[in-house]
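1. kindly return the folded structure for what I paste below:
(2 chains)
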Protein chains: 2
Amino acid sequence: MRRSIATVCLSGTLDDKLRAAAAAGFDGVEIFENDLIAAPLRPERVRERCDELGLSIDLYQPFRDFEAVGPEQLERNLRRARHKFALMRRLGADTVLVCSSVSPDAVDDDDLAAEQLHRLASEAAEHGMRVAYEALAWGRHVNTWRHSWGIVRRGDHPALGLCLDSFHVLSREPEPSGIADVPGEKLFFLQLADAPRLDMDVLQWSRHHRLFPGQGAFDLTSFTAQVLAAEYQGPLSLEVFNDVFRQSPPDRAAVDAMRSLIALEEGLAGVPELVRPDARAELSRPPAAPELAGFAFAELAVDADSGPVVGRALASLGFAHIGQHRSKPVQLWQQGEARIVLNAGAGDATGIAAVAVETDDPGRSARRAQELCAPALPRTRGPEEADLTAVAAPDGSSVFFCRTGADPASWLSDFIRTGDASTSIAGISRIDHIGLTQPFDYFDEATLFYRSVLGLDPRDDSEFAAPFGLVRSRAVTDPKGRVRIVLNGSLLRRGEWAPDIPDPQHIAFHTDDIIATARTLAERGAPLLRVPDNYYDDLDARRHVDPDLLADMRAYGVLHDRDAHGEYFHCHTELLGSRVFFEIVQRVDDYTGYGAVNAPVRMAAHRDTRLART
Amino acid sequence: MRRSIATVCLSGTLDDKLRAAAAAGFDGVEIFENDLIAAPLRPERVRERCDELGLSIDLYQPFRDFEAVGPEQLERNLRRARHKFALMRRLGADTVLVCSSVSPDAVDDDDLAAEQLHRLASEAAEHGMRVAYEALAWGRHVNTWRHSWGIVRRGDHPALGLCLDSFHVLSREPEPSGIADVPGEKLFFLQLADAPRLDMDVLQWSRHHRLFPGQGAFDLTSFTAQVLAAEYQGPLSLEVFNDVFRQSPPDRAAVDAMRSLIALEEGLAGVPELVRPDARAELSRPPAAPELAGFAFAELAVDADSGPVVGRALASLGFAHIGQHRSKPVQLWQQGEARIVLNAGAGDATGIAAVAVETDDPGRSARRAQELCAPALPRTRGPEEADLTAVAAPDGSSVFFCRTGADPASWLSDFIRTGDASTSIAGISRIDHIGLTQPFDYFDEATLFYRSVLGLDPRDDSEFAAPFGLVRSRAVTDPKGRVRIVLNGSLLRRGEWAPDIPDPQHIAFHTDDIIATARTLAERGAPLLRVPDNYYDDLDARRHVDPDLLADMRAYGVLHDRDAHGEYFHCHTELLGSRVFFEIVQRVDDYTGYGAVNAPVRMAAHRDTRLART
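-> Here you go, the predicted structure:
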């Protein structure tokens, strides 16, 4: 499919936007009028610039408050339209978007609207242009796609057609029907946007909270399939108004946008009965996401200060230092199937540098990532080292694709064995989840990255009041819950989550018996995070907890949560080095969350402990 | 009046919050349960800490989902309540807030709710406690203050009373009546919060967008007057859930909060018929805000690079360098009544360092500021220099109170005369307005600062999509429009408004003939900002403009806006130094705005010009 993007999706001046769209591989753009007006480039020069960049100008938008007006206003509107047709000719654009009127002066008269749009289309046709009429969800009289289609039908002019915008349609009607019955030649344009489901004024929702497909809650696959079933021939074009994307680096946002369309096309290819054969052939089909069996390892970048601290902590958690890298200052620690790589050669950054997943086909995982705009990172590799492919995640960490043990050249063979991990000293059996704090601008990009590249599903969205500001949290997991990554990010704050403490990251380990594990850890001198007694008093007030269990929980700083499916017990280490901590979790029955309700308590305790140490 | 603040208003751990509240002069706090639970301080220690800080604990909150439940749940809820009464005894708090139930299990039965609350109040009384029942605006069955009052009446227990929260009341009913008729002894607690009027889910509105009184759109003066008329005897207590305040430095937010209550009390003192005499005597009455006659001057901090650039620009705008400071590297420039002070001795900061207003009583202005938590800044002053009082505005700039000319020791006498400003070379007659970019965290604080300290009124709120993100803009002006300050701030972005350009600030000068002024400026070589031709093409398309006027506007980069009251013409200089520019404006008839609609065009042009220069 041809892919377009509206300039309004991206930050910067018009030239910044065009360059970013072209660099990300878009075929065309919708030019938003305000971007053109503010640009020093004359229309002819914009056209040349787009030609240089290989971009077509698929839509000029928007033209507002045209139809259903009195005769004098109509003349003024037609004068304005003629100016815009002349401008579009200079731009080399042939389709103008006309939004349904929001003017309080608009008359509620479909015949009048249709007649005036017919007149506009006639003038457009004289200029070799056409008019795509779109129902805004907050249009004064016309605010459903069906109503706009009725008016286009009545308008009955070859140069008058429909623009469908997924937000305007799906915000009002989550499961629309009938779109497939519209004749394809009357579908002039398709604009795509996702969004979270929010209970707010639809105009504000639309202007601030749209997302790229796959980042929100709308069913864009079914919607787009219907449009393709109607034999729509135009591009898939993104039109996303989003407060964050408006200020993020446009090159990144454009890549994120492109990834969203490729993933959408992959989804469309999965419902072939809905898509006509010629369109089906045009859809991107990246190699399917291989099944993930769990985490192969997590890699922590450490420096001269944090390395020994983290090493001692791992030892106290019952991990064994089982391997030393052949050529790099890298240690491998293991307990059960939980493996941690400490990398002292990655510069001075400390934190989670990489997440390695077990895939049954690392090569296919890498090819899929590549097709989803996440190319393999260049890596230097020694002659005897395994060929591990890594791609960059939005937060700057790497994702490795591994097949531990099964490959003749497993990544494990890069390590000279220095110890034995055969006994699980503290009952830790595997990594339960990894918590990554996302930079403010890239939270939604991260969702789509993990969803599309790794095939994980977003779930368990939460938002909580932490001591130093609101935090949003979202898990992405594989269907079997073997790879769970929790994305955390500030709702507003940039920079540090608390004064003088960088955004924390964590690795959570699984145990089947939290109290036994915590007791072992305490005996081994693990730096367990102390939880305030007030927490346990409140837990006791809220529900009856066995006094012995409560005493143990209090002694080891074990927190508790419950959902409809089960219970969750978890304890934490103090911050190790500047920003990393470990968590131990026990899931009882089918608890699906991550104890977000307790995060404020843990964050306050981390801050208090850090203050007490310094 | 006694003044309290809920710990939820402030950022940090419980200890951070208590310290900030005490430092700002609050008498008491409401302790939010989550803050206590996350604190390492045991309740006795919290009580001691509050004693040390001179704070009473006026409310423990909240207790949720208590009433209108089945008998088994009631027993569980009473068990929980007993735990909390025991906790409150340790804390030294005697009032617990019970919010109307939001549980789907709650029964719609006022008699049952009243009976169960009676039972809770009986138990509370045994512990020497009392229960303040509050209708949440989104309560399952009870969501108006009147309904909660009906239940409290039916509950009929001396230890059962009402908590009124201005948000819950005014979000549903902007002009409530009948509150004054509630017996004072049944009004156990009053929580105050302002908010902007937003069309969204009331729970989200409440949790994210509350503001301190005077920062939003609610009529808190009338509301609070009604509560005082009912002979409420408790504190004025702030309960503000705000995403920004949750992450701002708590010391500043607490001062902002205190200022809001003092200003509210001043407003209450202005409606004496509504307030009982003993309460009236307790109200703060800062000296009234003196009338402002305009700007005395604006001071720009310049460095070795920007000083000559700004000086040359002022000369090209027709300003004369009329004075040199007796003891400091400070120049005075003037045209008409517009005066600019260039200060090369203020460190390396460049930007608007101070705004000086003409007041008919500088001493009173300073005393008012002092009482509104804006104490005079310490200044070094030479022996012959005028005694100019300055206070700090939230963005770090200073506000000076001046009485130019009229005082025997006018600030003008600090300058040795070096030139003459008798002719207004370019038709500039005065400063029209000053544009100050606010740090993200302090936008609402700034509104209240200018509103309360200077007596300016907020108006002309706007929000627009600039090339590098959304910008919010709000003017604060005196009733006669002689002192106009425009506060701009990013809706999300921290740091620079565009890559590599610090947040711009500007000073706008008034002219009666923009074209004549602009022509003179062009002849004098002023660095006028070039506006894209595309802008004028669009202006021509939107409305018929006289071709000669359009040609002149295009030649000099004059932009245009129109509102219901008149028209606005304005042009700009390029950025001078790193972040300051000048604007020239002509207001036709009674145009009240600031051309915000054109700001994106101007911002893009500033960026393009800056890029072209570097």
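2. so for A:His565, what's the pLDDT?
-> On the pLDDT scale, A:His565 is placed at 95.
3. same thing with the one 10 residues further on?
-> Per-residue confidence at A:Leu575 stands at 93 (pLDDT).
4. the one 5 residues further on now?
-> Here the pLDDT value assigned to A:Val580 is 94.
5. ok, it to A:Glu385 distance?
-> 26 Å (Cβ to Cβ, to the nearest Å). Where you see a C-beta, it was placed from the backbone N, CA and C, and this is true even at glycine.
6. same drill for the two, tell me which one is more crowded.
-> Neighbour count, other Cβ atoms under 10 Å in any protein chain shown: between A:Val580 and A:Glu385, A:Val580 has more, with 25 against 18.
7. report all helices and strands that the host helix or strand of A:Ile57 contacts.
-> Assigned by DSSP states H and E, A:Ile57 belongs to strand A:56-63. Applying 3 or more Cβ pairs under 8 Å, 6 or more residues apart in numbering or on different chains; DSSP states H and E, one finds that strand A:56-63 makes contact with strand A:3-6, strand A:28-32, helix A:33-37, helix A:43-53, helix A:71-91, strand A:95-99.
8. at 6 Å what do you get?
-> strand A:28-32, strand A:95-99 (3 or more Cβ pairs under 6 Å, 6 or more residues apart in numbering or on different chains; DSSP states H and E).
9. quick check, the last one touching chain B?
-> No - using Cβ under 6 Å from any Cβ of the partner chain, no contact is recorded between strand A:95-99 and chain B, whose separation bottoms out at 12.6 Å.
10. now for that strand, which elements pack on it?
-> Taking 3+ Cβ pairs under 6 Å, 6+ apart as the contact cut, strand A:95-99 packs with strand A:56-63, strand A:130-134.
11. rewinding a little: what angle do the strand holding A:Ile57 and strand A:28-32 make?
-> Strand A:56-63 runs at 20 degrees relative to strand A:28-32, counting by axes from the mean of the first three to the mean of the last three Cα atoms, to 10 degrees.
12. partners of strand A:56-63 in the sheet?
-> strand A:28-32 (parallel), strand A:95-99 (parallel) (DSSP bridges).
13. okay, the closest residue to chain B within the stretch 151-300 of chain A and A:Cys163: tell me how far apart.
-> Nearest residue of the stretch 151-300 of chain A to chain B, counting by Cβ to the nearest Cβ: A:Gln247, 3.1 Å away. Look at A:Gln247 and A:Cys163: by Cβ to Cβ, they are 27 Å apart.
14. tell me, how many residues neighbour the nearest residue in space to A:Glu44 that is not next to it in sequence?
-> Spatial nearest neighbour of A:Glu44, chain neighbours left out: A:Arg90 (5.3 Å); criterion: Cβ to Cβ, 6 or more residues apart in numbering or on different chains. For A:Arg90, the neighbour count with other Cβ under 10 Å is 14.
15. helix or strand with the lowest mean pLDDT in chain A?
-> The helix or strand of chain A with the poorest confidence is helix A:277-282; it has a mean of 80 (mean pLDDT, DSSP states H and E).
16. just the buried residues of that helix, please?
-> A:279-280 (16 or more other Cβ atoms under 10 Å in any protein chain shown).
17. same deal with stretch A:156-174?
-> Per 16+ other Cβ under 10 Å, stretch A:156-174 contains these buried residues: A:157, A:159-171.
18. restricted to strands, list the residues you listed.
-> A:160-165 (DSSP state E).
19. and A:Ala390, bridged to which residues?
-> A:Phe400.
20. which residues sit in contact with it?
-> Shown in contact with A:Ala390 (Cβ atoms under 6 Å, 6 or more residues apart in numbering or on different chains): A:377, A:398, A:400.
21. around A:Asp561, count how many other residues there are.
-> Neighbours around A:Asp561, by other Cβ under 10 Å: 16.
22. re the thing from before, can you report phi and psi for the residue of the stretch 151-300 of chain A closest to chain B?
-> Main-chain dihedrals, A:Gln247, degrees, to the nearest 10: phi -120, psi 0.
23. name the nearest residue to it, sequence neighbours excluded.
-> B:Gly469 (3.1 Å).
24. the one you found: neighbour count?
-> Neighbours around B:Gly469, by other Cβ under 10 Å: 19.
25. local confidence estimate at it?
-> With respect to pLDDT, B:Gly469 has a value of 90.
26. isn't it up against A:Ser248?
-> No - if you go by Cβ atoms under 6 Å, B:Gly469 and A:Ser248 don't touch, sitting 8.7 Å apart.
27. so what's A:Asn488 up against?
-> A:Asn488 neighbours (Cβ under 6 Å, 6+ apart): A:437, A:471, A:473.
28. and it, what are its bridge partners?
-> Residues in beta-bridge contact with A:Asn488 (DSSP bridges): A:Thr437, A:Ser473.
29. quick one: it from B:Pro329, how far?
-> A:Asn488 is 50 Å from B:Pro329, by Cβ to Cβ.
30. can you pull up the most central residue in chain A?
-> A:Thr447 (2.7 Å; Cα atoms, centre = their mean).
31. need the helices and strands packed on strand A:56-63 in TSV with mean neighbour count and mean pLDDT, can you?
-> As requested, the helices and strands packed on strand A:56-63 are exported to TSV (neighbours: other Cβ atoms under 10 Å in any protein chain shown; pLDDT from 0 to 100):
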stretch	mean neighbour count	mean pLDDT
strand A:28-32	25	98
strand A:95-99	25	98
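32. relative to B:Ser365, which of those strands is closest?
-> strand A:28-32 (46.5 Å; Cβ to Cβ).
33. orientation of the closest one relative to helix A:71-91 in degrees?
-> Using the same axes, to 10 degrees, strand A:28-32 lies at 140 degrees relative to helix A:71-91.
34. that's all I had, so thanks and see you.
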